[in-house]
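K.L.:
need a structure here:
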Amino acid sequence: MTVPQAILGALSVYLALGVLFAIPFVLVGAGRLDPDARQGTWGFRVLIFPGATLLWPLLAKRWAMGARVPTERTPHKEALRRSERAER
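P.N.:
Reported below is the predicted structural model:
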């Protein structure tokens, strides 16, 4: 087996696992990670399928950990939180 064949084989396995992961993720998992995705249309699900296929290790980890939508932590939001705490 040559190096290009090995790389192509590994890539094929990665993509096959990605497709197997993406199907249940698109149907169920996306809604568990992001509540706004629960109301997603079939068009939305078709659009996120390629990304879920390619990013399946990261999404699988987040789904397994039960991660939720992260809290936005921009400098503006942090300043607002500090000012709200100071007013109390």
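K.L.:
contacts and neighbour counts: CA atoms only from here.
P.N.:
Will do.
K.L.:
What score does residue 73 have for pLDDT?
P.N.:
If you check residue 73, the pLDDT there is 82.
K.L.:
And residue 66, by the same measure?
P.N.:
So, for residue 66, pLDDT stands at 84.
K.L.:
State the next helix or strand along the chain beyond the helix or strand containing residue 51.
P.N.:
Secondary structure assignment for residue 51, by DSSP states H and E: helix 42-54. Under the assignment DSSP H and E, the closest C-terminal helix or strand after helix 42-54 is helix 56-65.
K.L.:
In this structure, spot the helix with the most residues.
P.N.:
helix 3-24 (DSSP state H).
K.L.:
so how far is that one off the chain centroid?
P.N.:
18 Å (C-alpha atoms, centre = their mean, to the nearest Å).
K.L.:
With stretch 24-39 instead?
P.N.:
On C-alpha atoms, centre = their mean, the centre of stretch 24-39 falls 10 Å from that of its chain.
K.L.:
Next, the distance between the ends of that stretch.
P.N.:
From its first residue to its last, stretch 24-39 covers 16 Å (C-alpha to C-alpha, to the nearest Å).
K.L.:
what's it in contact with?
P.N.:
Identification of contacts with stretch 24-39 by C-alpha atoms under 8 Å, 6 or more residues apart in numbering yields 45, 48, 49, 52, 62, 63, 66, 67, 68, 69.
K.L.:
Perfect, I'm done here.
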